[in-house]
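Chemist: Show me the folded form of this:
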Amino acid sequence: MKKYVKDLKVKSVEFPHELYVLLKLTDTEPLPDTVPGQFVEVKVEGSPKTFLRRPISINYVDREANELWLLIKKVGEGTHKLAALQAGDTLNLVFPLGNGFSPVQKQGENVLLVGGGVGVAPLLDYGKYLKENGAEPVFLLGARSKSDLLEQDLFKAIAPVYVTTEDGSEGEKGFVTQHTLLNIKTFDRISVCGPKPMMVSVARYAKQTNTPCEVSLENMMACGLGACLCCVEKTVKGNICVCKEGPVFDVKDLTWEV
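Modeler: Next up is the predicted model:
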C-alpha cells in the first residue's frame, strides 16, 4: 500500500478523559485508503526532546466527513504537545503504515474484538469495517474503572459491547478473560489490542478453545518503516520488525508461552 507524508489540518480536539485527547484530522482532498489496524507516525513540532516521530494507531476513518481520528494517551512531552493542538493547526503524518487486521473471512462470522486501555482505539475502525462487510463483531472492553472506558457510545452504535472493570464500577468486575461472555458464547476468531499481559491471557483462552486469534503489538517504534530495528519481535520465523510486518500478528507466529 502506498505511503504518504502529509500535512493534515486539525478539525477538532476533544478530551474524552483527562488522560486522553481525540484529534480529528482532515485534508483538502480525499484521505488515502487505509486498513483497520494500521498506524501513523506523527511529527511533534515545538518539542526539542521529541526528535523522533510518535506511532499512533488509527482510531477511526470517517470517509463522508473526510476525517482521520487519533486517540492519544498523554504520557510524555511529545503526547502532551499533541494534546495542546487546537483546531486549525497542522499535523504532519507518515501513513498508512504496517499491516492491519484480517479481512472478513465469511459472511456472518462471529468476531470477538478485545481491547484494554488505549488499545481499544483501532478496534473502533475495525468493528465498523466488519459490520459493513457482513461479519458480526462483538466488543469486549476492559479498563481499571468506569471513568477509564473510552468511546463507549461509538462502540455500541456498531455492535454489542461487554465490559469489565477492575473495580467493578462498570460491567463485570475483573479482567476481560474473566467475563462470563467467554463461557456462554463461541466465536469464529478473536482480534486483540491492549497491554501485553491482557493479550497473552486472551491468546491462552484462544488456544484452549481452539479459536484463531490475532493480536496488535505495541512495541516501541521509531521510524515505522523497518529501518531502525527498535521494534523487533521474536517469532517462529525469526526476528522481525513489528512496524513493517505487523503490528497485527497471528498468535501462532509469536513465541509467547500460552
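
Chemist: Please name the bridge partners of the nearest residue in space to D148 that is not next to it in sequence.
Modeler: Nearest in space to D148, with sequence neighbours left out and distances taken as C-beta to C-beta, 6 or more residues apart in numbering, is H17 at 6.9 Å. (Glycine included, C-beta is placed from N, CA and C.) Counting by DSSP bridges, H17 forms beta bridges with Y20.

Chemist: who's in contact with H17?
Modeler: Contacts for H17 were tallied using C-beta atoms under 8 Å, 6 or more residues apart in numbering; they are 147-148, 150.

Chemist: same thing but 10 Å
Modeler: Shown in contact with H17 (C-beta atoms under 10 Å, 6 or more residues apart in numbering): 71, 73-74, 118, 143, 147-151.

Chemist: Could you list the domains of this protein?
Modeler: The chain breaks down by automatic domain parsing into domains covering 4-97, 110-213.

Chemist: mind putting those in CSV, distance to L229 and mean pLDDT included?
Modeler: Below are these laid out as CSV (distance: least, C-beta to C-beta, whole Å; pLDDT from 0 to 100):
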stretch, distance to L229, mean pLDDT
domain 4-97, 14, 94
domain 110-213, 20, 96
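
Chemist: Nearest to N239 among these would be which one?
Modeler: N239 sits nearest to domain 110-213 of all the domains of the chain, at 17.2 Å, using C-beta to C-beta.

Chemist: and the closest one, how far apart are its ends?
Modeler: Criterion C-alpha to C-alpha, to the nearest Å; first-to-last residue distance in domain 110-213 is 12 Å.

Chemist: Just give me how far it sits from the chain centre.
Modeler: Offset of domain 110-213 from its chain centre (C-alpha atoms, centre = their mean, to the nearest Å): 12 Å.

Chemist: any chance you could map the helices in the stretch 101-250 of the chain?
Modeler: Applying DSSP state H, counting those that start in this stretch to the stretch 101-250 of the chain gives helices spanning 121-132, 152-156, 181-184, 196-208, 242-245.

Chemist: Just put those in a markdown table and tack on distance to S57.
Modeler: Formatted as a markdown table, these follow (distance: least, C-beta to C-beta, whole Å):
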| stretch | distance to S57 |
| --- | --- |
| helix 121-132 | 4 |
| helix 152-156 | 15 |
| helix 181-184 | 24 |
| helix 196-208 | 14 |
| helix 242-245 | 12 |
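
Chemist: is it possible to export those to a markdown table including mean neighbour count and distance to A87?
Modeler: As requested, the helices of the stretch 101-250 of the chain are arranged in a markdown table below (neighbours: other C-beta atoms under 10 Å; distance: least, C-beta to C-beta, whole Å):
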| stretch | mean neighbour count | distance to A87 |
| --- | --- | --- |
| helix 121-132 | 24 | 21 |
| helix 152-156 | 15 | 20 |
| helix 181-184 | 12 | 39 |
| helix 196-208 | 19 | 34 |
| helix 242-245 | 22 | 30 |
